[in-house]
Each structure stands twice: as structure tokens, then as C-alpha cells.
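Novice: fold the following.
(4 chains)
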There are 2 protein chains.
Amino acid sequence: MEEITIKDIARRCGVGISTVSRAINNHPDINTETKQMVMRVIRETGYIPNNSARNLKRTDARCIAVLIKGITNPFFSSVIQIIETQVQKKKYAMVMQHVETYEDELDVALELIKEKRLRGIIFLGGAYRHDSQKLAKLNVPFVFSTIGTGQDEGEKTYSNTAVDDFAESQKMVNYLLDLGHRRIAIIAEGSDAESVGQLRLEGYKKALKDREIEIDERLIYEVKDQADPYSMQNGYAMAQQLLASGVDFTAVFAIADFLAVGVCRAIHEAGLRIPEDISVAGFDGIAIGEFYTPQLTTIKQPVEAMAEKTAKLLFNLIEGKCGHEHIIFPAELVERESTGKPNPEMLFPHI
Amino acid sequence: MEEITIKDIARRCGVGISTVSRAINNHPDINTETKQMVMRVIRETGYIPNNSARNLKRTDARCIAVLIKGITNPFFSSVIQIIETQVQKKKYAMVMQHVETYEDELDVALELIKEKRLRGIIFLGGAYRHDSQKLAKLNVPFVFSTIGTGQDEGEKTYSNTAVDDFAESQKMVNYLLDLGHRRIAIIAEGSDAESVGQLRLEGYKKALKDREIEIDERLIYEVKDQADPYSMQNGYAMAQQLLASGVDFTAVFAIADFLAVGVCRAIHEAGLRIPEDISVAGFDGIAIGEFYTPQLTTIKQPVEAMAEKTAKLLFNLIEGKCGHEHIIFPAELVERESTGKPNPEMLFPHI
DNA sequence: ATGTGGTTCGGAAACGATACCAGAAGTAAA
DNA sequence: TTTACTTCTGGTATCGTTTCCGAACCACAT
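Specialist: Numbering: from 1, shown residues only, chains lettered A, B, ... in the order given. Below you'll find the predicted structure:
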């Protein structure tokens, strides 16, 4: 099976290879009839230009990369799918790469850029701002999207899409407070000092402070797990510790739905009811939350819209149509079965 | 930011470019010291060979593709991760592409092969055998892996990895029969006549026949959903129909865990208990099954092992180390909370 | 006739790497 | 010293494409 090349097409058409190239690439300097003839032959022969040769010659390889930290992100599939659609619409190629740790990501990005001559990078589901200055030195546009994980604050030398984790977290805690809860435990993330989870934790603290409710450190649990902090296992383990601690509480706010699922399981196994005895709230809005028993009260992120915007943002940057943008999406508090009024019996005087 | 090329390295080292190439590619014909010196300079300069140029020249572009049908497959993330590890170990590149329909897949594969000069393709989570003859005509090795979805029968002009869906399905139904169930409903898949779901359905029928239990068509539900048959929504909808049908049953076998989750939810909303009133069994062994309430009885597929083997199989084919292999993995019946003895009260005489 | 300008085209030089080939240098045997 | 062989090296053609440059052609004004 020999490759069919642009030369073959030229020969079959009785034209020069430049003419074929012009036909393929929509160059203006070509006769309309010639172009149609060439295109017909190309269709007939099933010729497809060799991408390596193209990219080698072109200064602009039509290719972007998507780097994913934390592939267990439940939105992963749909996000990828949406980005892919955008990429195809632009006639670009896309490479995906999974990165294990924050340290890896820069190396991987660098390697990809040189090897594949990328035009842009999307960073999915991580907190990469540490390296954003370094990345900025490469002259490749990049967009962070903390879809399903959160955003960060600080100086903006990059583009990103996110929800306002701080505010949304506050929203959820306020909702629990409005239900009458005063002793609210939180399962947060503590593996990275500047992480998403910390923003959600800050939102929790702010909400309590605003109501002048004392923050009890014994109700704050932080998952320490570099690889995959937002797992059901971790939620389960933290909730077991919480239940065994003897500290009283009437609600648990897990800063990710997967954590919440683990929390629910632990509470169930302890023989307590949700929400009659303890309310559980999550964050993210994963699909299973609707089918879980009890259905999960959560903050639902507009994942599809975020993914689409992320891709469009990158292409705008590539085409020089805009500078850095920081788009914050509104999230929605979805009230479901897992939260209700507090059970006074769960409260006892502290020593 | 200028690209740094093999010429720059050669100049800096005071050697010819062939020597640098030899150093990079572990050719035998090079002095050890020279090689070390070149490699040192390469490290210092951070030089990375341009992949397009390499692939253009080489007859063998070190690149494989992974085509994914049904990106919602819950194992997707871990499977990709494992395959990626194998690919990196072989110093190959990997492109991933999502395909919408069975019709798309061949076109996509063809285009990829020519454009990127692939050495091999892995088809994930689909039933592609229709096209396997056509694919065989391309001289590119490919492996089907029905990880999380099943396998097929028929003539073997390809390699694949799978579990024995027919036998495993029988295993589950036998388990339910052993518990005492006689009226077992099944939520299967009916969108594709030759699909995975059909194999599992056949296993169900076989198990019943072996015990001489009459098959009641009113207990057989087939999801018709090209895009994503194995969804919680579909399980939910089918179970609602089943419950509303007035036909009696004491157990439901959903041929995918996601379907089972939807089934559980519908049963719960109907005010029935699992497993006291109705037993529910799934298939696949997704993570959430362990944290769901009730915990899901299921057939657990050895996903990690399957993914690893799939990748290794492809590389063996590429390297000509083996011919077509069809590896069937043993799956495990995991008995959990969602199944128990039948409740006689759920049975009533049929008209 | 000659010059001018605009289309449309083909030739040829890149792009960055690999691989073949020939030759230099070194070693061992005659 | 010559021959033969091994080990190592550099030059160069080549992969398939794009792009620059110049040429051919036509129309039209000079």
C-alpha cells in the first residue's frame, strides 16, 4: 500500500504540485475551473495530505494540546467532547495528554510545544498558576480551565474559565444556615495550599463569620491526597473520622460531589439517616447526584458552557482576537433530598 | 523564540548531524564518548527533535491512535491512563479521537492512518466487527477492546480483549436463581443487533433455559439509544416502565451498572426496598457501585489488566511478535447489598 | 511594436530529521 | 609495508508539503 502524494495528484491532473497545493489550501491565485478539477481528482483518489510534511513546512501547525490533571474528574468526558467539536470546527488537530503531578505539567507542555509545534494549550482541571509566568515566556497561548475543580485568585497573566468557588461555596453554606444548621462540618482539600479546595473552604469560613458563628476547627477536615483528592474513598474516610470524633454536627458540606457520595455512605453505615439526622451537601453537579439515594444537594457548574468557552477563548488568543480573559460562570444551587432541617437530637453540649 | 534544530546541536558539538541523529536514536555505530557528549549538549540546550520531521522521514511514525466510541464509559479515564503509560514506555505518541457513530469510525480511522501515518489503532468500547474486514485491508494492526461493554462472536480476523459476556451474564443470573428468584427482569440493550448487550441477554436466556424456567418476554427490556445506551437515565426510564407494567418480578438484572443505578432510583421512588422487595444486579464493576446505597451486586471486569493487555497486544502486532489474539479475561461476581432472597409478596398469580 | 499590469501557473528551495554511502582512522594479520 | 577488516564519522539524498520567485499569457494602453 503506497502512500498517495501530492505529486501523484499533480501528475494525474497534468498540473504542477504548487497548483494542487493552492487548490487544497484555498489560495486565491488559482483558476476556479482548475481548482474544481483538482478537487475532483483528490476526492476520487481519496488523497489526504500528509500531516507531518505539512507541519514541517508550515510555521503554524494547526494543532492544540489539552493537558489534563486529575483524569478522574467526572466532567472529563463531556468536556473533552465539547472541546473536540470546537477544534474540528476550526480544522485543527488536538492531542491530549494526562499529567500526573503539577511538576510534570510544565515539562510536558514544553515538550509538546516543541515536538508538535503547538499553537495553543488548554489546561484542564488543575491549579497551574504557579507556572503561568514561565508558560507565558513560551509564545504559545494557553487557557486554564478549572472545570469541575475551581479557580484561583492572584495576578492575571493568563486566561481562564471557572466558577467563583469562593462565592458559590458561601452560597451553599448560607443555604445550610438558612435551613437552621449551625454545626456544619466541611470536607475540604488540603494537599495544595493554593488549591481550589482552599477557596471553597474560605467561602465556608466567610459565610460563618458573616453570621457571627464561631468556626470550630474540629469540624474542618482536609483531604491530603496529591493524586486524586476528590474521591469517594477520601470522602468516606474523612466522614468516618468525623463520626468517630464525637464532635456534634447536623450537616456536612463536602466540597466535591464525589466526596459527598463517600460521606453519605459513611453516614449510612453509621446507622444515621440523610437528611433526617444529618444533611449532606456537595459541589460540582455530577450526573450521579441525581440518581443517588438520597439525591444530592449540590452546586451545579455549567460544564458544557465552560468547556465551549474555554476552547473559543484559546482560538481567540491564537488568532490574536483578544487578550487575556477571565470568565467566571454562574453556578446553580440545586436543592435535592440530601439536605433538610437540622435534627436537634444530633446536638449536645460541648465540654 | 527560534526552534533549536539538530543542526544547532551538531554545530555546538562540532560533529556532523548524522552523528547527533545516531546519538539520539541509539544507533550502534557511534563512539560512546561522542554519544555522551552529544547527549549532554542536548540536555543542556533542551533540544527536542521535531516530530513532524521525524515522521516524515521515517517509514514508521511512532504513533498509535485510540478511537473511543461511547466516551461516557465509566472506565474510560483509567483505561486511557493505562494505555498511555504503555505507549510512553514504548516511546510512542498517541492520539485520541472520539467517534460518534459506528459509521464514522472507519472514515476517522482511515483519515488518521493517512494523515498521521499511524502504526496501530485501538478501538475502545464499541462493537466494530462489522468493519473488521475492511480494516484488515489497511496494513495497520488494530485491537478491539470492549472494555466495559462486552465482546462479540464470529470469525476472528482481528485481535481483541474482552470478558466472556455470555458466560458472565449466565453467572449472574444463576446467582439470582440460586437465591431463589424465578421472576427476573432484565434491562438489556437493543439498539444494535450485534451488540454486547445482546450477548448478555443471551446469557440470561441460557441460564433460565438451563433451569427450565420459562422466558417471559414481558420481563425483557431493551434500551434503544444509539448515543449512550448504558446511562442512568435509560435504566431509570426502563425500570419505571417495568414497574408500571403490572407484571410481577422479584429481581432486576441490569446489564450495566449505570443502568442498575437508574433502576435502583426508580424502585426507590416507587416506595419499594432493595433488596427486601426487589433485588438489583448490575454488570461492569464501576467504582460508584461500592458507595451507592444499596451497594451494588455486580460482575466486576478487570479493567486495568484488560487495558494493559490491550496496549501490549497492539505493540506485539506492530512488532510482528504475534498474530491475532483473542484474550478473554475472567470477571468476578461481587456480591453486595442490592441482592437478597426474593420477597414472596411481590409475586402474584398471572392471568 | 512596446510597455504595463494582473492572472495563473510551474520550478525549486526550504522545513528538520533519518539513512545510505563512502571514506577516514585504527587495528590486526600477512 | 601492504592488505583486510572494523569502527566511527560526515556529506547528501530524501520524505511530502508549502511558499517564494519568476515566467507565461492575456488584455489593454501607450
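
Novice: phi and psi next, for residue A:216.
Specialist: phi -100, psi 110 (degrees, to the nearest 10).

Novice: can you pull the contacts of it?
Specialist: Contacts for residue A:216 (Cβ atoms under 8 Å, 6 or more residues apart in numbering or on different chains) come out as A:183, A:247. C-beta coordinates here come from the backbone N, C-alpha and C atoms, glycine included.

Novice: swap in 10 Å and give it another go.
Specialist: Going by Cβ atoms under 10 Å, 6 or more residues apart in numbering or on different chains, residue A:216 touches A:183, A:184, A:185, A:208, A:247, A:248, A:249, A:350.

Novice: over to residue A:97?
Specialist: Taking Cβ under 10 Å, 6+ apart as the test, what residue A:97 contacts is A:65-68, A:104-105, A:108-109, A:111-112, A:121, B:84, B:88, B:93-94, B:96.

Novice: and those, which is closest to DNA strand D?
Specialist: residue B:93 (17.3 Å; Cβ to the nearest atom of the strand).

Novice: in the stretch 251-351 of chain A, what residue is nearest DNA strand C?
Specialist: For the stretch 251-351 of chain A, Cβ to the nearest atom of the strand, closest residue to DNA strand C: residue A:318, 19.7 Å.

Novice: on that earlier part again, closest to residue B:204 among the contacts of residue A:216?
Specialist: Nearest to residue B:204 out of the contacts of residue A:216 is residue A:185 (Cβ to Cβ; 44.5 Å).

Novice: low pLDDT regions in the stretch 201-350 of chain A?
Specialist: Filtered on pLDDT under 70, the stretch 201-350 of chain A yields the residue ranges A:349-350.

Novice: tell me where it has strands.
Specialist: For the stretch 201-350 of chain A, the strands defined by DSSP state E, counting those that start in this stretch occupy A:220-223, A:251-254, A:279-281, A:298-300, A:326-329, A:332-334.

Novice: Throw the ones you listed into TSV and include distance to DNA strand C and mean neighbour count, thanks.
Specialist: Formatted as TSV, the strands of the stretch 201-350 of chain A follow (distance: least, Cβ to the nearest atom of the strand, whole Å; neighbours: other Cβ atoms under 10 Å in any protein chain shown):
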stretch	distance to DNA strand C	mean neighbour count
strand A:220-223	43	20
strand A:251-254	48	31
strand A:279-281	53	29
strand A:298-300	47	24
strand A:326-329	34	16
strand A:332-334	49	15
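
Novice: can I get the ones you listed in JSON lines with distance to residue B:168?
Specialist: Listed next are these as JSON lines, based on distance: least, Cβ to Cβ, whole Å:
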{"stretch": "strand A:220-223", "distance to residue B:168": "35"}
{"stretch": "strand A:251-254", "distance to residue B:168": "34"}
{"stretch": "strand A:279-281", "distance to residue B:168": "34"}
{"stretch": "strand A:298-300", "distance to residue B:168": "34"}
{"stretch": "strand A:326-329", "distance to residue B:168": "43"}
{"stretch": "strand A:332-334", "distance to residue B:168": "37"}
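
Novice: quick one: closest of the ones you listed to residue B:42.
Specialist: The closest of the strands of the stretch 201-350 of chain A to residue B:42 is strand A:326-329. By Cβ to Cβ, the value is 38.2 Å.

Novice: just checking, what packs against the closest one?
Specialist: With contacts taken as 3 or more Cβ pairs under 10 Å, 6 or more residues apart in numbering or on different chains; DSSP states H and E, strand A:326-329 sits against strand A:142-145, strand A:159-163, helix A:165-179, helix A:303-318.

Novice: returning to that earlier point: tell me which of the contacts of residue A:97 fall in strands.
Specialist: A:65, A:66, A:67, A:68, A:121, B:93, B:94, B:96 (DSSP state E).

Novice: pull the number of nearby residues for the residue nearest to the fifth one when sequence neighbours are not counted.
Specialist: Spelled out, it's residue A:121. Nearest residue to residue A:121 in three dimensions, chain neighbours excluded: residue A:142, at 4.2 Å (Cβ to Cβ, 6 or more residues apart in numbering or on different chains). Look at residue A:142: counted by other Cβ atoms under 10 Å in any protein chain shown, it has 24 neighbours.

Novice: perfect, that will be all.
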